[in-house]
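>>> Any chance you could fold what I've pasted below:
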Amino acid sequence: PEDQEGEPPGPMSEIEKVVNPNWRRTVHDEETGEEHVLDDKMLDTLFRIQKGKAGQRGFNDDYSELDGLFPHNSLHPLISKPEPKSRFIPSKWEHKEIVRIARAIRRGDYVDPKIKKEEPEVYHMWDDTDVFSTRSGRIPPPIVKLPGHAESYNPPAEYLFTEEEESEWKESHPEDRKYEFIPRKYNTLREVPAYADFMKEAYQRCLDLYMFPRVQVRKLKINPEDLLPKLPNPRELMPFPTRLSRVFNGHTGHVLCLAMDPAGQYFASGSADGTVRVWDIQTGRCLRCIQFPRSVECIAWNPKHPILAVGAEKNLYLVTPALSPAAALAARMLLTTHAPIDRVHRTLLGEARRAQGQGEGEGESQGQGEGEEPERLALDENEPESESEEEDFVANPTEMTPAEVATQRASIVEWEPAAKVPRREGILMTIHHKRLVKDVAWHSQGDYFSSVASDPSTSTVVIHQLSRQHSQLPFRRHLFVHCTKFHPTKPIFFVATRRHIQIYNLVKQARIKKCLPSAKWISSMDVHPSGDHILLGSLDCRLSWFELDGRDTPFKTLRYPSLAIRHVCYHQTHPLFATGAEDGSVHVFHGSVSDEVLGNPLILPVKILRTPLPSQAQIQAEIDPEAEIPRVANVGVRVCQFHPKQPWIFTGSFDRTIRLFT
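Alright, predicted model coming up:
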């Protein structure tokens, strides 16, 4: 109805909404002012239009019937709707399902739903529960055999034992008996007595449950080859020695030591027959043979000058190989004129240096006069920082009087010039020690060298200076030292005792580190060309690799089953190191060092070289029958040395030969 002014009525008031039950379905038309009530069909049409669908039900919105006629990749597709983003994003629930299946496969209990589970053909007839559906990880108890007629309290007569069967049952072994009991017959159940072995079997059952729990141990299916580390192909790590190329014959005793020429053209060998032989590597000829009164225990080639340090008995000989007149002249001038090493070089090569403005006159103008001493190791120049740091070192020689220096020198060694030595060709100087000389090592600059003189109870380490012909005891205490080494570039001194490696700083005159290889008897030691790694071999079948900046314990320890290691050595230019053992084998390893701070060395075995072992008759011939204590002769490889430039290795063994592997 219209109001008094003739205008259409407005929308319903709040009171009318309460009274009218269809007010939610009522739509007000503002033009006509009428109220229209919507039915269910009209409401459904409105809802479908709001959702973007067709208003009429049954209408195909996707045009699926026409997809074949107008595909999406056609020029004019019927529907050009873009692909939804959900098709390009992995489903969250699919990801969870994949994770669940992967975990089930890893546990080993994944069952493919497409494969039907096979039901067991045999099952327990009298049991209500399925014995095959057991919990994972637990083995079900064994099924007890059902009682038979013999276990009845009133068994048939054929199950009862006769006297002979009963006596036979008692005499037989429990495992051989048909029954674990003797069948008895009782008229009533009340006459059955208590079971005699009830407590015994209950106790045994408890022990079985306690000591032998039925837990299933899942056996992993692992390929044994997968447990081995992934090693590179040895051909990728070449070059390294692989075959025997030459055999050097000439010694009549064991080859005990080898020394390589820094240029790589010659090498020297010392033997138990008291000779030192100098060999040409290319031709295999023996160029020099120097005879000594006793067995040659150690030999070392000076890295800067043509001088050999030879240790025989209690003497240390300085020998020149005399391979060229100029080299022999330089060695004689160095040891006979007492001239500094630099001045000897200026005598031979002064013209070349004078052309560059660095001649003798300029050197003398800078304070390097006739009687000035060359540069020495820091051991003679610096004082210790504190008393605790110098506990192993003797007093500083610069603070001693000349009389004290002479007294100390006489108490250590005695230098005897060539004039007093019997005229033997090549021997320039003899240094007499108080004990047997066992080891000698040169400093990289060629002026200093160390020697180890030992007896069965103690050892003495002596550092000698070639230019001054001076010797010094670096340590206050006497330890049983096996060998010593100098650091290639730093003032660091390595001392190998029976079970430890002492590392000393010659500048601070203090011990900076003590390596613990857990070896019972150290046999050999070598220092890496970089100076940051130490290689150690022992007679108790251990090979240890130490890092100077790392821990006190070995970075890597290789244990051999029954292989006493006699000698170890690094290559100067190639990433190789080798060990010589008593069984005649030489193990060659690839040992590359990383330049990174946190990088670890790569140690890989690449080749095993074999040398022939002596026969039992040869071993018996080497044993002295008149000796008070019978001594078993050493067998196998005694010493091994790499060529300074080529990937070749020389071995000296019991059979008096030297072998070259290339």
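>>> alpha carbons only for contacts and neighbour counts from here, please
Noted.
>>> Could you give the number of residues near the closest residue to Ile299 other than its chain neighbours?
Closest residue to Ile299 apart from its sequence neighbours, by Cα to Cα, 6 or more residues apart in numbering: Val310 at 4.5 Å. The number of residues packed near Val310 is 26, by other Cα atoms under 10 Å.
>>> swap in Asp280?
Applying the criterion other Cα under 10 Å, we find 15 residues in the vicinity of Asp280.
>>> Which residues are in contact with it?
Under the criterion of Cα atoms under 8 Å, 6 or more residues apart in numbering, the contact partners of Asp280 comprise 265-267, 286-287.
>>> as a whole number, average confidence for stretch 89-106?
Stretch 89-106 shows a mean pLDDT of 89 in the predicted model.
>>> Contacts made by that stretch with the rest, please.
Defining contact as Cα under 8 Å, 6+ apart, one finds that stretch 89-106 is touched by Tyr110.
>>> for it, which positions count as buried?
Of the residues in stretch 89-106, those buried by neighbour count under the rule 16 or more other Cα atoms under 10 Å are Ile101.
>>> partners of Leu558 in the sheet?
In this structure, Leu558 has beta-bridge partners Leu543, where bridges are defined by DSSP bridges.
>>> helices and strands of the chain: which one has the lowest mean pLDDT?
Of all regular secondary-structure elements in the chain, judged by mean pLDDT, DSSP states H and E, the least confident is helix 360-365 with a mean of 37.
>>> Report the separation between the spatially most central residue of the chain and Arg542.
In the chain, the centroid-proximal residue (Cα atoms, centre = their mean) is Lys556; its distance is 4.2 Å. Lys556 sits at a distance of 10 Å from Arg542 (criterion: Cα to Cα, to the nearest Å).
>>> Identify the contacts common to these two.
Taking Cα under 8 Å, 6+ apart as the contact rule, Lys556 and Arg542 have no neighbour in common.
>>> thinking again about what came up before, direction included, what does the helix or strand where the residue nearest to Ile299 lies pair against?
When elements are assigned from DSSP states H and E, Val310 belongs to strand 308-312. Strand 308-312 has the following sheet partners, assigned by DSSP bridges: strand 296-301 (antiparallel), strand 315-319 (antiparallel).
>>> want to throw those strands into CSV with mean neighbour count and mean pLDDT?
What follows is the strands paired with strand 308-312, written out as CSV (neighbours: other Cα atoms under 10 Å; pLDDT from 0 to 100):
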stretch, mean neighbour count, mean pLDDT
strand 296-301, 25, 90
strand 315-319, 24, 87
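>>> nearest spatial neighbour of the residue nearest to the centre of the chain, skipping sequence neighbours?
Once its chain neighbours are removed from consideration, Lys556 has its nearest residue in Trp545; the separation is 5.3 Å (Cα to Cα, 6+ apart).
>>> Tell me who's in contact with that neighbour.
Applying Cα under 8 Å, 6+ apart as the definition, the contact partners of Trp545 turn out to be 533-536, 554-557.
>>> filter these to the buried ones?
A residue is treated as buried here by neighbour count (16+ other Cα under 10 Å); on that basis the buried members of those are 533-536, 554, 557.
>>> quick one: which of those residues is nearest to Arg107?
Of all these, the one with the least separation from Arg107 (Cα to Cα) is Thr557, at 36.5 Å.
>>> just the helices in the stretch 201-350 of the chain please.
325-336, 341-355 (DSSP state H, counting those that start in this stretch).
>>> least reliable of those helices going by mean pLDDT?
Summarising mean pLDDT across those, the least confident stretch is helix 341-355, with a mean of 41.
>>> about what we covered before: is it possible to export the strands paired with strand 308-312 to CSV including distance to Phe650?
As requested, the strands paired with strand 308-312 are arranged in CSV below (distance: least, Cα to Cα, whole Å):
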stretch, distance to Phe650
strand 296-301, 15
strand 315-319, 22
